[in-house]
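Asker: need coordinates for the following:
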Amino acid sequence: MTGPAGTSARSPPPSRSTRVSSPAWRRSPASRVTLLDDAPGPVGVAHTTEAPAVRDGVLAAARRAAGDRVTGTGDGRYVSAVVLPGPGQPLPLVLSVPSEQPPNLYASLVGAVVLAGLLAVAAAWRLARVTTRPLVELAGAADRVAHGDLGTRVPVRSRDELGRLAGAFNRMTRETGIYVQALTSSRDQLRGHLAVLGDTLASTHDLQRILRVILHSAIAATGARAGAVLLVDGGVLVGQCAEGLDGRWSPDAGAEPEATGAAGLRVPVGGGIVGAVAATGQPRRGRADPATDPIGEPRCETYVAVPFANPGGPADPATRPGADQGGPGGPAAALGVLVLYDRLGGDEFDDDDLDTLRTFAGHAAVAVDNVRVHEEAQRLSLTDPLTGLWNYRYLRESIRREVERASRFGRMLSVLALDLDRFKEVNDTWGHAAGDAVLAEFARRVRGEIREVDLAFRQGGEEFVVLLPETDARGAAIVAERLNAATRDAPIPVGTHGGVRIGVTVSVGIAVYPDHASTGQQVLDAADDALYAAKAAGRDTWRLAEVRPWPPVEELAVPAGSVSPADGLPRAGAPIGPPDAPHRAGVADHPADLDAGWSDAPVARSGPGGASSGPHPSQHGRGR
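Answerer: Sure thing, here's the model as predicted:
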């Protein structure tokens, strides 16, 4: 070891008192040795192998060292006073070795932990931003869609699961928007059809028009290619209106060749598709069997048929009498059937189509019921409840109409006024119930003696009127004689008095338009005067009204053809003869008396019947 003077000397072995154990770290090749001087005062260094940078730290640690205790320096070295001053070793010896741990290890560890924590936070933030941001966007888009914004889209930023989820969400919202648009369009279309239907129901009682509107609306709402509305008439479903049925009839379908529309639909109740629907009252839909062609029905691939019944009828068709009798021609459980054929696209009709068709069938039922109620109310307002004949109100309307028609077409109209003879005695003898029975039976016999085009009315009490269009006086007299015989020859049985038979007779007055009058009221008055004449003649007979004298009539001949006069202004009509022949107008007592200076051109005249399209026919025209 080197001393302070620089001479080397071999250190004597330390005494037992100065020898200390030398652990492995003391034998480390990185050990450093420092000899301290023994001068009083601050510790000085006699010799050291420490680096100048750590020398002060070693000296400070050596001061703290006591005995064999090991202290450390701030720069990570361990210091121990291994040899204390003693005999043979006048200077204390301090040994320092570097620590096996790097300097500032704990600070470094703390710093590393803090840095790792910061890195973890940054990574977590980034991961959260990458992972949760699409989820937040998806949740926000779902909220907007839930509030009705179907145009919301989620950005697709990756191809992972979140990206696929965003793409699926976008497709879902797009398809939902398309579906909602289709539903909105269908709703608006259906609303328009229902508005048209409501306006039609409110504005008219024309059943054919109403059913056509219902059928057209049902076809448009369901996308059908064809359809029809059928009503039950005496055990047979009869087509009222149809659409798109041309070319759908098979040769052996039972329809006439020219009846390819609604007229070709005649299906027995209980037969075929629509017949079964009418018989059971249950709707049906599906595909038709191509191997069978129902009689009276068109060919189709798919169909849907819905019955409609009275709005006030039983809700369950099975409760209707005869509903279980589903044979052809049996009782029907419905008023009619609304049927559609072949949906566009070839698909079958679904439950939504069935519900839609039920709605239109309900409107059809209301329409049919309203029209029938209206017709019944109108019939009751114009008919006599006891006899079933037309009443006096309808007589006034009919006589005006028939006189106008006879005047327009140059025809004759005969009017018969009838009155039961001594009817007051029937009421006084047998009572008013027997009198009502006599009136009802007499009305039945009157209907049996006239044509379908003739009109019979109960004017009031025991007075009746019969209008005979296009019938002259001779034909009217024949009818009057038949009515006299039908009343006289068969006494009327009265059930209220043990089947007693009451004999009655009738007096008839006849008047003919235009021979006896020029207006409806006048011809009625003339017939009434003739009736009083028949009464005065002994009753149970007929009398013809007196022919009234024709008033003088000025006739203006209007020859066919036209000429242009000298002044260049065209005028209608010209005389047949020399151009300078004067125009003449004469007075005639009869329409046949024409001016001899004119040709046989058509002549218009003003007569008792008012303006007409030509001369009146002769008084002996064709009668019965």
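Asker: for the stretch 51-200 of the chain, which spans come out with low pLDDT?
Answerer: Where the stretch 51-200 of the chain drops to pLDDT under 70, the residues are 53, 65-69, 72, 74-76, 81-91, 99-104.
Asker: ok, now the stretch 401-550 of the chain?
Answerer: In the predicted model of the stretch 401-550 of the chain, residues 497, 550 satisfy pLDDT under 70.
Asker: which residue ranges form the helices in it?
Answerer: With helices called from DSSP state H, counting those that start in this stretch, the stretch 401-550 of the chain shows them at 423-430, 432-449, 473-488, 520-536.
Asker: what are the ranges of the helices in the chain?
Answerer: Ranges of helices within the chain are 52-64, 105-146, 161-203, 207-222, 272-280, 351-382, 392-409, 423-430, 432-449, 473-488, 520-536, based on DSSP state H.
Asker: got CSV for the ones you listed, with mean neighbour count too?
Answerer: (Each C-beta comes from the backbone N, C-alpha and C, glycine too.) CSV is the format used below for those (neighbours: other Cβ atoms under 10 Å):
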stretch, mean neighbour count
helix 52-64, 16
helix 105-146, 12
helix 161-203, 13
helix 207-222, 21
helix 272-280, 26
helix 351-382, 16
helix 392-409, 17
helix 423-430, 15
helix 432-449, 18
helix 473-488, 19
helix 520-536, 20
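Asker: so which of these gets nearest Glu554?
Answerer: Nearest to Glu554, of all the helices of the chain, is helix 392-409, at 18.8 Å by Cβ to Cβ.
Asker: tilt between that closest one and helix 351-382?
Answerer: Relative orientation of helix 392-409 versus helix 351-382 (axes from the mean of the first three to the mean of the last three Cα atoms, to 10 degrees): 90 degrees.
Asker: related to what we said a few turns ago, ok, which of the helices of the chain comes nearest Ala228?
Answerer: Of those, nearest to Ala228 by Cβ to Cβ is helix 207-222, at 7.0 Å.
Asker: who touches the closest one?
Answerer: By Cβ atoms under 8 Å, 6 or more residues apart in numbering, the surrounding residues in contact with helix 207-222 are 186, 189-190, 193-194, 196-197, 200-201, 204, 224-229, 240-244, 304, 338, 340, 343, 349, 353, 356-357, 360, 363-364, 367-368, 371.
Asker: on that earlier part again, now the helices of the stretch 401-550 of the chain as JSON lines including distance to His147?
Answerer: Formatted as JSON lines, the helices of the stretch 401-550 of the chain follow (distance: least, Cβ to Cβ, whole Å):
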{"stretch": "helix 423-430", "distance to His147": "82"}
{"stretch": "helix 432-449", "distance to His147": "73"}
{"stretch": "helix 473-488", "distance to His147": "82"}
{"stretch": "helix 520-536", "distance to His147": "73"}
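Asker: in TSV: the helices of the chain, plus distance to Leu95.
Answerer: What follows is these, written out as TSV (distance: least, Cβ to Cβ, whole Å):
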stretch	distance to Leu95
helix 52-64	10
helix 105-146	22
helix 161-203	66
helix 207-222	108
helix 272-280	118
helix 351-382	101
helix 392-409	147
helix 423-430	162
helix 432-449	153
helix 473-488	163
helix 520-536	156
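Asker: returning to what we had before: of the helices of the stretch 401-550 of the chain, which is nearest Gly296?
Answerer: For the helices of the stretch 401-550 of the chain, the distance to Gly296 is smallest for helix 432-449, at 34.3 Å, taking Cβ to Cβ.
Asker: which strands or helices does the closest one pack on?
Answerer: Here helix 432-449 touches strand 413-420, helix 423-430, strand 455-460, strand 463-469, helix 473-488, strand 492-494, going by 3 or more Cβ pairs under 8 Å, 6 or more residues apart in numbering; DSSP states H and E.
Asker: re the thing from before, for Gly117, find the nearest of the helices of the stretch 401-550 of the chain.
Answerer: Among the helices of the stretch 401-550 of the chain, helix 432-449 comes nearest to Gly117, with 113.3 Å by Cβ to Cβ.
Asker: if we can go back for a sec, mind checking which of the helices of the stretch 401-550 of the chain is nearest Arg77?
Answerer: Closest of these to Arg77 is helix 432-449, at 144.2 Å (criterion: Cβ to Cβ).
Asker: hmm, back to that, between the helices of the stretch 401-550 of the chain, which gets nearest to Arg64?
Answerer: Between Arg64 and the helices of the stretch 401-550 of the chain, the shortest gap by Cβ to Cβ is with helix 432-449, which sits at 147.7 Å.
Asker: chain center to that closest one, what's the gap?
Answerer: Offset of helix 432-449 from its chain centre (Cα atoms, centre = their mean, to the nearest Å): 51 Å.
Asker: next: stretch 486-498.
Answerer: Distance, centroid of stretch 486-498 to centroid of chain: 59 Å (Cα atoms, centre = their mean).
Asker: can you check stretch 196-206 too?
Answerer: With Cα atoms, centre = their mean as the basis, stretch 196-206 stands 15 Å off its chain's centre.
Asker: okay, how far is it across stretch 222-236, tip to tip?
Answerer: Terminal residues of stretch 222-236 are spaced 27 Å apart (Cα to Cα, to the nearest Å).
Asker: that stretch: which residues count as buried?
Answerer: 222, 224-232, 235-236 (16 or more other Cβ atoms under 10 Å).
Asker: turn the residues you listed into a markdown table, including pLDDT.
Answerer: Below are the buried residues of stretch 222-236 laid out as a markdown table (pLDDT from 0 to 100):
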| residue | pLDDT |
| --- | --- |
| Thr222 | 85 |
| Ala224 | 90 |
| Arg225 | 89 |
| Ala226 | 89 |
| Gly227 | 91 |
| Ala228 | 91 |
| Val229 | 91 |
| Leu230 | 90 |
| Leu231 | 90 |
| Val232 | 88 |
| Gly235 | 84 |
| Val236 | 88 |
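Asker: let's have the helices and strands packed on helix 432-449 in CSV, adding distance to Glu449.
Answerer: What follows is the helices and strands packed on helix 432-449, written out as CSV (distance: least, Cβ to Cβ, whole Å):
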stretch, distance to Glu449
strand 413-420, 11
helix 423-430, 19
strand 455-460, 9
strand 463-469, 9
helix 473-488, 5
strand 492-494, 15
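Asker: which stretch among the ones you listed comes nearest Asn391?
Answerer: The nearest among those, by Cβ to Cβ, is strand 455-460 at 6.3 Å.
Asker: from Gly223, how far out is the residue positioned nearest the centre of the chain?
Answerer: The centroid of the chain falls nearest to Leu190 when counting by Cα atoms, centre = their mean (3.7 Å). Counting by Cβ to Cβ, to the nearest Å, the gap from Leu190 to Gly223 is 12 Å.
Asker: cool, His216 as well?
Answerer: Separation of His216 from Gly223 (Cβ to Cβ): 13 Å.
Asker: can you verify my assumption that Phe464 contacts Ala443?
Answerer: Yes - here Phe464 reaches Ala443: they are 7.4 Å apart, a contact under Cβ atoms under 8 Å.
Asker: so for those two, which residues contact both of them?
Answerer: 389, 456, 458.
Asker: list buried residues within those residues.
Answerer: Among the shared contacts of Phe464 and Ala443, the ones that count as buried by 16+ other Cβ under 10 Å are 389, 456, 458.
Asker: Ala476: which of the residues you listed is nearest?
Answerer: The closest of these to Ala476 turns out to be Ala456 (Cβ to Cβ; 13.6 Å).
Asker: so which of the helices of the stretch 401-550 of the chain is nearest Arg401?
Answerer: With Cβ to Cβ, the closest approach to Arg401 among the helices of the stretch 401-550 of the chain belongs to helix 520-536: 8.6 Å.
Asker: any idea of the angle the closest one forms with strand 455-460?
Answerer: Between helix 520-536 and strand 455-460, the angle comes out at 70 degrees (the same axes, to 10 degrees).
Asker: and helix 520-536, what does it pack against?
Answerer: So helix 520-536, by 3+ Cβ pairs under 8 Å, 6+ apart, packs with helix 392-409, strand 413-420, strand 506-513, strand 542-544.
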